[in-house]
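**Student:** Fold the following and give me the result.
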Amino acid sequence: MSEDEKTPAREVIADYAQQHFRYFRTADGTVYAQKNGHPVARPIRSQGTSGSHRQELMVGLFHDGHGVFNGTALKEALDLIEALAMNQDVQQVHIRVAPGFDGATWLDLGRTDGKSVRIHPTGWDIRTPDPQEVCWRRTQLTGELPLPAKDTDGKGIDLLLRLSNYATAETECLALVWLIGCLGPSAPVPAPFLTGPQGAGKSTSGRMLMRIIEGMSGDLRRPPKDEENLIAAVAAGWVTALDNLSHLGTDLSDAMCCIVTGAENIKRALYTDGDVVRSRYRRPLLMTGIDVGVIRPDLAERLLPLRLERPKVRRTEAELWAEYEEILPIVLGSLLDLTVKVRAAEADIPTDLRMADFAHLCAQFDAATGLGALTAYRASLDDLNDDVIEGDLLAQTVLQHAASLNACAEERMTSAEWLHGLTRLYSGEDCRPLPKGWPTTGKVLSDRLKRLQPTLAARGVLIDWGRTNTARYIEMSRPSAPPAPEQEQVF
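**Tutor:** Predicted structure coming up:
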């Protein structure tokens, strides 16, 4: 055959790729390749050292007898495939959990054969999802989970709690509700903060919770030094676990708020001046630490404190994790059974809590099990409000001033007048010096009060802003407490 009659290498590669792979694009324009009949999708531009689409294409061509092709031919073929895929329908890719058809959700087991767990209203089963329904995206943070055990009769939950050392039964309930929430792809869940005295096993308990969702390769990590690296780590996995926190700076606190409830990050694409890269993320977050100091009010509403106590009997790491790995299939199976049961339960949605989806999940958990997760969640939020107030001298001064107001009374002043009055109240007759961070202008005071508004409202002090014909004002009121609801009698 003459040189002119040979099929160009790029055409051989392109024809082979389109026969053995399905190509599609996501909403942000990234093109993915999915082997026919397999749910795992890989970006075609990935240059990863293992598992990239370029590599699986080269291996497939070699094993099927087409030979070895140089980089130029591969690049030209992938350029053509990418251009053609831009005309395909948009489909979303998911990490670890995904919504499915008919109200089902999926859990990626991270296996090479693509087997996943389908959680549907009547139960759960193990199957390979249809690529048209679910496309999994995997990274180096995607660990492999064991096949969950069937018909566990709740045994796995007891085994898990026996290895843990939570301080109260209420804390155990909240930990279970959080795990159930992690199996949902759409609703945000608060970030558990495992706390307790030194030696209480905070890191170990955090690993146990994380590895139920991420597999035995999942581990805790130190928070990255900057927000960009934190976002990159969050976007590459499902559960993000930060270990041994001792201080929450303003930037890290704001980043955690965005991780829990979702946000989008945009940065300039490499080697371009006009293109951008979009990163959308909303992930379950877990933290451990003895004390993180002052907690900002907006983060406090997104936290779930789980207190632990020091174990009476110590075990070696090798013994503990060998037993954990052995029971993990039973734990995962019991958690899936409990998830189906909780999702089927009917309960009213609490409308007074910030994380309403998680509060509703707590109510469903209570309806399904007869336990008190919602009450425990409310109590934990009250404790966090106390922590916020104890760490903020301005909040303490406002509450001190509000205590002098008559019930249902309203007091209106400009921000400058409020600053003068609160400063005099704090300084007192001995004119003690103002602490670092005390508001210096009326505008700063107004901004601080806006951040403290939910915390103060939880203590019965309402702050509002208004305007007259001549000036703006801040209004403080202390409404009378609503009558306690009547307790239903059970016969």
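**Student:** can you give me the strands for the stretch 151-300 of the chain?
**Tutor:** 191-195, 240-242, 263-268, 276-281, 285-288 (DSSP state E, counting those that start in this stretch).
**Student:** how about the helices in the stretch 201-350 of the chain?
**Tutor:** 202-214, 227-235, 250-261, 297-300, 317-344 (DSSP state H, counting those that start in this stretch).
**Student:** how does the chain divide into domains?
**Tutor:** Split into domains by automatic domain parsing, the chain comes to 8-85, 155-374, 392-477.
**Student:** Deepest in the core, which of those is it.
**Tutor:** domain 155-374 (a mean of 18; mean count of other CB atoms under 10 Å). (Glycine included, C-beta is placed from N, CA and C.)
**Student:** From the chain's centroid, how far away is that domain?
**Tutor:** A distance of 7 Å separates the centroid of the chain from that of domain 155-374, by CA atoms, centre = their mean, to the nearest Å.
**Student:** which residue packs closest to Ile259, ignoring adjacent ones?
**Tutor:** Once flanking residues are discounted, Ile259 sits nearest to Leu285: 5.1 Å by CB to CB, 6 or more residues apart in numbering.
**Student:** For that neighbour, list each beta-bridge partner.
**Tutor:** Thr240 (DSSP bridges).
**Student:** Okay, Arg164 and Ala457: tell me how far apart.
**Tutor:** That one is not Arg; residue 164 is Ser. 34 Å (CB to CB, to the nearest Å).
**Student:** for Ser404, same thing?
**Tutor:** Taken as CB to CB, the span from Ser404 to Ala457 is 18 Å.
**Student:** How about Ala236?
**Tutor:** Ala236 is 38 Å from Ala457, by CB to CB.
**Student:** now do Met476
**Tutor:** Following CB to CB, the distance that separates Met476 from Ala457 is 11 Å.
**Student:** Give me the common contacts of these two.
**Tutor:** Common neighbours of Met476 and Ala457, counting by CB atoms under 8 Å, 6 or more residues apart in numbering, are Ile463.
**Student:** What ranges in the protein fall below the confidence cut-off?
**Tutor:** 1-6, 47-51, 267-279, 481-491 (pLDDT under 70).
**Student:** okay, which residue is most central for it?
**Tutor:** Nearest to the mean C-alpha position of the chain, by CA atoms, centre = their mean, lies Pro284 at 1.9 Å.
**Student:** wait, Ser203 sits on Asn244?
**Tutor:** Yes. Using CB atoms under 8 Å, Ser203 is in contact with Asn244, at 6.9 Å.
**Student:** Please identify every residue contacting each of these two.
**Tutor:** Thr288.
**Student:** Is it correct that Trp124 falls within a strand?
**Tutor:** Yes. Secondary structure of Trp124 (DSSP: H, G, I helix; E, B strand; the rest coil): part of a strand.
**Student:** any idea how far Leu141 is from Ala233?
**Tutor:** Separation of Leu141 from Ala233 (CB to CB): 8 Å.
**Student:** Check Thr470 too.
**Tutor:** Taken as CB to CB, the span from Thr470 to Ala233 is 52 Å.
**Student:** go on, Val398?
**Tutor:** Counting by CB to CB, the gap from Val398 to Ala233 is 38 Å.
**Student:** Cys135: which of the strands of the stretch 151-300 of the chain is closest?
**Tutor:** strand 276-281 (15.7 Å; CB to CB).
**Student:** Quick check: phi and psi on Pro39?
**Tutor:** Dihedral angles of Pro39 (phi, psi; degrees, to the nearest 10) stand at phi -80, psi -10.
**Student:** and what of the one 3 residues further on?
**Tutor:** When read as degrees, to the nearest 10, the backbone of Arg42 gives phi -130, psi 140.
**Student:** quick one: contacts for it?
**Tutor:** Neighbours of Arg42 in contact, by CB under 8 Å, 6+ apart: 32-34, 51-53, 56, 137-138.
**Student:** Check Pro146 too.
**Tutor:** Pro146 is in contact with 109, 328-329, 332, counting by CB under 8 Å, 6+ apart.
**Student:** How much space separates it from Asp125?
**Tutor:** In terms of CB to CB, Pro146 sits 16 Å off from Asp125.
**Student:** can you tell me how far the residue nearest to Ile259 sits from Arg221?
**Tutor:** 12 Å.
**Student:** That'll do, ta.
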